[in-house]
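Peer 1: predicted model and sequence below, questions to follow.
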Amino acid sequence: MSLPTEPIGSIPRPAELIAAMKERSAGAISDSAFHEVAQGAVRDTIRRFEETGSPVITDGEQTKSSFVTYPLEGLSNLASDGIVVPFEDGHTRQLPRLTAGPFRYGKRAEGYVAAAKLLTGLPVKQAVISASALSLLYPQAGIPGYSRDAFLKDLVDEAELDIRRAFAAGAESVQIDFTEGRLSLKLDPSGGLLESFVALNNQVLDRFSPEERVRIGVHTCPGGDHDATHSAGVDYAGLLPALFRLQAGRFFVRPASERDPTRVLGMIRDHLRPDQMVFVGVIDPIHRAIETPVEVRDRVLAAARYLPVSQLGTTDDCGFSPFADDTSTSRDIAFAKIRSRVEGAALAAQELGC
């Protein structure tokens, strides 16, 4: 038995790719020129991932506009004045608003998998956005001729298809990004919104067999953008019982950046089911200091005091750049942290007899 270690997904984009994305939005670059820049960024990202020794890699989400908005690319039934997500440093991100039905994805994750598989022989993990996050696109005032129930039915169908096609394209595993889970408790401390999110995501997960769900994971964190979070002040105790009711086989949870990591580990122990694996974060993607492999080893060993080693893996607390324009962390620092995670997990595995 080995001790699994995996990235969350996103890696900071190189400056030339960010510039090309802006030019594409302004119509100032050809599709072929943009593709050349984007392909170079993906190729470099995969090469550097391989050099870290990571047994599982991603494409770094290099060509996604963001972890949440990639399915919306190319859609014409959206307005820009959707829900605003405030971050704790004062900056905000705003989601689009759906203006008409039916709802369909404009882009699917399968394309990212296919492009990555051409460049590596390593297992490729693919992140997809949750149905619950995209449910926030539907306006409170409703849409004439397109009910919320009709929208949610379409949304569940689309979310299922995104996962299935990612697997069909060759993804080793699929990770559902659920950062809005903790945010929901900030928006609705009663927990009602969180419960509705869990129920909606389970509608998607229930369409997969137990064997398929072993390869489907859920990632949760309090957001990470420009060195700030949107909900780190929300107590994990409100989220974790609901999180582990999701019908997934793998969970990616942030303790390294928490004020009291051991308390988080204790809560995970109390709610983790025997048929679930948990990948605990041992790297803080926001803090610029690069963890040493020994520091990572010690975090893994601390987790092993609370959690069965047979159900334990390691990861980063969050992606390094979930939004394309976030350059608060450099690519060099991100890959150095990943290398430390890989090496530290190997040290821990030796001590644990894995």
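Peer 2: Structure's in. What do you need?
Peer 1: check contacts around Ala20.
Peer 2: Ile29, Ala33, Phe34, Val37, Ala38 (C-beta atoms under 8 Å, 6 or more residues apart in numbering). For the C-beta atoms, the positions are set from N, CA and C on the backbone; glycine is no exception.
Peer 1: which pLDDT does the model give it?
Peer 2: We have a pLDDT of 94 for Ala20.
Peer 1: quick one: the residue nearest to it when sequence neighbours are not counted from Pro12, how far?
Peer 2: Excluding its sequence neighbours, the residue lying closest to Ala20 (C-beta to C-beta, 6 or more residues apart in numbering) is Val37, at 4.3 Å. From Val37 over to Pro12 the distance is 15 Å, taken as C-beta to C-beta, to the nearest Å.
Peer 1: check Val282 too.
Peer 2: Distance from Val282 to Pro12, by C-beta to C-beta: 20 Å.
Peer 1: the more surrounded of those two?
Peer 2: Higher neighbour count among Val282 and Pro12: Val282, with 29 against 26, using other C-beta atoms under 10 Å.
Peer 1: so the more buried one touches Ile338, yeah?
Peer 2: No. Between Val282 and Ile338 there is no contact under C-beta atoms under 8 Å: 10.9 Å.
Peer 1: overlap in contacts of those two?
Peer 2: Asp316.
Peer 1: SS state for Val174?
Peer 2: strand (DSSP: H, G, I helix; E, B strand; the rest coil).
Peer 1: who touches the worst-scoring helix or strand of the chain on mean pLDDT?
Peer 2: Lowest by mean pLDDT, DSSP states H and E among the helices and strands of the chain is strand 84-86, with a mean of 91. For strand 84-86, contacts defined as C-beta under 8 Å, 6+ apart pick out Thr92, Arg93, Gln94, Leu95, Leu183, Gly223, His230.
Peer 1: which one in these is the model shakiest on?
Peer 2: Out of these, that is Gly223, at 87.
Peer 1: number of residues surrounding that one?
Peer 2: Using other C-beta under 10 Å, Gly223 has 20 other residues around it.
Peer 1: isn't it right up against Phe87?
Peer 2: Yes. Look at Gly223 against Phe87 with C-beta under 8 Å: they come within range, at 6.9 Å.
Peer 1: joint contacts of these two?
Peer 2: Thr229, His230.
Peer 1: mind listing the helices for the stretch 1-150 of the chain?
Peer 2: Assigned helices in the stretch 1-150 of the chain, in chain order: 15-25, 31-51, 110-117, 131-134, 148-168 (criterion: DSSP state H, counting those that start in this stretch).
Peer 1: buried stuff in the second one?
Peer 2: Right, the one you point to is helix 31-51. In terms of neighbour count (16 or more other C-beta atoms under 10 Å), helix 31-51 has its buried residues at Phe34, Val37, Ala38, Gln39, Ala41, Val42, Arg43, Asp44, Thr45, Ile46, Arg48, Phe49.
Peer 1: do the same with the fourth one
Peer 2: By neighbour count on 16+ other C-beta under 10 Å, the buried set for helix 131-134 is Ala131, Ser132, Ala133, Leu134.
Peer 1: quick revisit: and the contacts of strand 84-86, which are buried?
Peer 2: Buried among these (16+ other C-beta under 10 Å): Arg93, Leu95, Leu183, Gly223, His230.
Peer 1: between those residues, which is nearest Pro261?
Peer 2: For the buried ones among the contacts of strand 84-86, the residue nearest Pro261 by C-beta to C-beta is Gly223; the value is 18.3 Å.
Peer 1: any idea how far the closest one is from Arg305?
Peer 2: Gly223 is 28 Å from Arg305, by C-beta to C-beta.
Peer 1: next: Arg104.
Peer 2: 47 Å.
Peer 1: these two: which has the busier surroundings?
Peer 2: Using other C-beta under 10 Å as the criterion, Arg104 and Arg305 rank with Arg104 on top: 13 against 10.
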